[in-house]
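Chemist: Curious how this folds, go ahead:
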Amino acid sequence: MKKGLLFRKKAMLLTLFAALLGMLTMFSYHNYAWYEEPIAKIIAAEAVGIDETIGAHRESYPVYNQKLTAVLMNGESKGTQVVIENNYSDSLAYSQMYRSGDEIFLSLSESSSGAVTGKISGEKRDKYVVLFGSLFLFVLVAVAGKKGLLSLVSIAGNILLFSVALDSYEIADNAQLLRISSAAVIGWTILTLLLVSGRNRKTYAAILSTLIGTFMTLIIAYGVIALTNGQGLRYEEMQFVTHYPRRIFLSSILIGSLGAVMDVAITMTAAIQELYEKDPAISARALFQSGREIGKDIMGTMANVLLFAYVSGAIPTLVFYLENGSDVFHTFSMQLSLEITRALAGSIGIVSTVPLAMFTAVRLIPKKAGDRR
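Modeler: Okay, here's the model as predicted:
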């Protein structure tokens, strides 16, 4: 009886949450009045011709011309039709092909004949962000329940901390960048693990091992870069940054390795706690042996996750360089040196965190000293 009531209560709350997300999504499809910039909805798209443009290597490629008819959706001229000219290429790198139903931001002007014309300044995509964000929130809460809601709170808190860190970056000098990153890492770790896992020994063990593993990664990376004088690292992609690029890079290593190290730490401590709760009489030696086997499976997969995550971000630039005649060795050395270094540093953090988390969990999770044998 109680289980049935609890299930119905959870189902009702989940339904209300889904309805709230649905209302939010519907609002994002009709929120034109909230924007000061003119928004228009395309009602007709007509192909009017093709031009040719000469590329960097004297090759020609087509540029397609469109005549768009759109209706203004906000502002004093709401309901007015606007005629827009649009050009796009096959690559769609710096241009966009539009279809009927697309919504766009405009810069409006009036011709000498009195007709309203516009120039496209961007596409309105907020509704898609809200739609997929709502799906993510619903699945998270439906699967994880209360912990899912706490995860949302931790995400919101981490975004707030991140914005504070970015504001601090803007006014910081070179010497303060690592301090700001370190403070942010400590805040993210404590906030995330306390909200998601609660106040218990498992959480404290995960926090301690995460912080030690993350800062150990930074120290090792800093030591290797200092000893080798940064040979092989190419900072060209940071040439637009006014701060010293090495400190920026070290800050990115610190923050980038945090996610993987935290994942490993909470996985190891949760596994140790589960083993202990199933058998409170289990010895510390048995816990270490079980933890070591779990850690072996985690190391390889998490190291690959880091490598794929970092390298995938460089794929568009790699394709751009290769398509423009750059040789493979030069392209990879220019574009992947920092990403591979971040992945290697994070992998070192993962490998070092496994025994750290295992030892910390075995020492902290048992409730009494007599339980550790």
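
Chemist: Counting by contacts, list what the helix or strand hosting residue 209 packs against.
Modeler: Secondary structure from DSSP states H and E places residue 209 in helix 201-228. Counting contacts by 3 or more CB pairs under 8 Å, 6 or more residues apart in numbering; DSSP states H and E, helix 201-228 packs against helix 177-197, helix 245-278, helix 337-364. To be clear about C-beta, it is placed using only N, CA and C from the backbone, and glycine gets the same treatment.

Chemist: Distance to residue 155 and mean neighbour count added to those, as a markdown table?
Modeler: As requested, those are exported to a markdown table (distance: least, CB to CB, whole Å; neighbours: other CB atoms under 10 Å):
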| stretch | distance to residue 155 | mean neighbour count |
| --- | --- | --- |
| helix 177-197 | 9 | 19 |
| helix 245-278 | 13 | 21 |
| helix 337-364 | 21 | 22 |
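
Chemist: Adding distance to residue 306 and mean pLDDT, write those out as TSV.
Modeler: Listed next are those as TSV, based on distance: least, CB to CB, whole Å; pLDDT from 0 to 100:
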stretch	distance to residue 306	mean pLDDT
helix 177-197	16	86
helix 245-278	5	86
helix 337-364	4	85
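
Chemist: Same list (these) but as TSV, adding distance to residue 205.
Modeler: Shown next, in TSV, are those (distance: least, CB to CB, whole Å):
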stretch	distance to residue 205
helix 177-197	10
helix 245-278	5
helix 337-364	4
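
Chemist: for residue 290, what are its contacts?
Modeler: By CB atoms under 8 Å, 6 or more residues apart in numbering, the residues touching residue 290 are 271, 272, 275.

Chemist: Out of these, the closest to residue 336 would be?
Modeler: residue 271 (33.9 Å; CB to CB).

Chemist: name the helices or strands packed onto the longest strand anywhere in the chain?
Modeler: Longest strand in the chain, counting residues (DSSP state E): strand 39-54. Using 3+ CB pairs under 8 Å, 6+ apart as the contact criterion, the elements in contact with strand 39-54 are strand 60-72, strand 81-89, strand 103-110.

Chemist: which stretch among those comes nearest residue 365?
Modeler: Residue 365 lies closest, by CB to CB, to one member of the helices and strands packed on strand 39-54: strand 103-110, at 53.6 Å.

Chemist: what angle separates the closest one from strand 39-54?
Modeler: 80 degrees (axes from the mean of the first three to the mean of the last three CA atoms, to 10 degrees).

Chemist: How much space separates residue 143 from residue 151?
Modeler: 11 Å (CB to CB, to the nearest Å).

Chemist: And for residue 275?
Modeler: With the distance defined as CB to CB, residue 275 ends up 24 Å from residue 151.

Chemist: Equivalent analysis for residue 138, please.
Modeler: 13 Å.

Chemist: now swap in residue 127 and tell me
Modeler: Residue 127 is 24 Å from residue 151, by CB to CB.

Chemist: same deal with residue 226?
Modeler: Distance from residue 226 to residue 151, counting by CB to CB: 38 Å.

Chemist: For the two, indicate the residue with more neighbours.
Modeler: More neighbours surround residue 151 than the other of residue 226 and residue 151, with 17 against 10 (other CB atoms under 10 Å).

Chemist: can you pull the contacts of the residue nearest to residue 208 when sequence neighbours are not counted?
Modeler: Closest residue in space to residue 208, ignoring its immediate chain neighbours: residue 360 at 5.4 Å, by CB to CB, 6 or more residues apart in numbering. Neighbour list for residue 360: 205, 208, 209, 269 [criterion: CB under 8 Å, 6+ apart].

Chemist: thought residue 22 was touching residue 134?
Modeler: Yes - judged on CB atoms under 8 Å, residue 22 makes contact with residue 134 at a distance of 7.4 Å.

Chemist: Who has more neighbours out of the two?
Modeler: residue 134 (19 against 12).

Chemist: angle of whichever helix or strand that one is part of against helix 177-197?
Modeler: Secondary-structure assignment from DSSP H and E places residue 134 in helix 126-144. Helix 126-144 and helix 177-197 are oriented at 50 degrees to each other (the same axes, to 10 degrees).

Chemist: If you count neighbours, what's buried in the helix or strand bottoming out on mean pLDDT in the chain?
Modeler: Within the chain, confidence by mean pLDDT, DSSP states H and E is lowest for helix 328-335 among all helices and strands, at a mean of 73. Neighbour counts over helix 328-335 (16 or more other CB atoms under 10 Å) mark 331, 332, 334, 335 as buried.
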